[in-house]
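Chemist: Structure for this input, please:
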Amino acid sequence: MFDYLVFKRIGEGVSFLFFFIYLVICCEFCNNLLDTLFYFF
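Modeler: Residues are numbered from 1 along each chain as shown. Modelled structure (predicted):
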């Protein structure tokens, strides 16, 4: 049971980390997109 709880917490941490990295990449992409749009207009 203890191992299961530890594994569950590690899994949540890893999924949160991937979600955070995904958000950062999306923000970078959106910023580049906005810069490009403002550059053209």
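
Chemist: quick one: low-confidence ranges for the chain?
Modeler: Confidence mapping of the chain against pLDDT under 70 gives the ranges 1, 41.

Chemist: now the helices: where do they sit in it?
Modeler: 2-40 (DSSP state H).

Chemist: Could you tell me how far residue 33 is located from residue 27?
Modeler: 11 Å (C-beta to C-beta, to the nearest Å). Any C-beta I mention is one placed from the backbone N, CA and C, and that applies to glycine too.

Chemist: and what of residue 14?
Modeler: For residue 14, the distance to residue 27 - C-beta to C-beta - is 21 Å.

Chemist: How about residue 17?
Modeler: From residue 17 over to residue 27 (counting by C-beta to C-beta), the distance is 16 Å.

Chemist: Go through stretch 13-31 and flag the buried ones.
Modeler: By 16 or more other C-beta atoms under 10 Å, stretch 13-31 has no buried positions at all.

Chemist: Show me what that stretch is in contact with.
Modeler: Outside stretch 13-31, no residue is within contact range by C-beta atoms under 8 Å, 6 or more residues apart in numbering.

Chemist: okay, it in PDB with CA atoms only?
Modeler: The C-alpha trace of stretch 13-31 is given here as PDB (Å, rounded to 0.1, in the frame of the first residue of the first chain):
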ATOM      1  CA  GLY A  13       4.600  14.900 -10.000                       C
ATOM      2  CA  VAL A  14       5.700  13.600 -13.400                       C
ATOM      3  CA  SER A  15       2.400  14.400 -15.100                       C
ATOM      4  CA  PHE A  16       2.400  17.900 -13.500                       C
ATOM      5  CA  LEU A  17       6.000  18.400 -14.800                       C
ATOM      6  CA  PHE A  18       5.000  17.400 -18.300                       C
ATOM      7  CA  PHE A  19       2.000  19.700 -18.200                       C
ATOM      8  CA  PHE A  20       4.200  22.600 -17.000                       C
ATOM      9  CA  ILE A  21       6.700  22.000 -19.800                       C
ATOM     10  CA  TYR A  22       3.800  21.800 -22.300                       C
ATOM     11  CA  LEU A  23       2.400  25.200 -21.000                       C
ATOM     12  CA  VAL A  24       5.900  26.800 -21.200                       C
ATOM     13  CA  ILE A  25       6.300  25.600 -24.800                       C
ATOM     14  CA  CYS A  26       2.800  26.800 -25.800                       C
ATOM     15  CA  CYS A  27       3.500  30.200 -24.200                       C
ATOM     16  CA  GLU A  28       6.800  30.500 -26.100                       C
ATOM     17  CA  PHE A  29       5.100  29.500 -29.300                       C
ATOM     18  CA  CYS A  30       2.200  32.000 -28.800                       C
ATOM     19  CA  ASN A  31       4.700  34.800 -28.000                       C
END
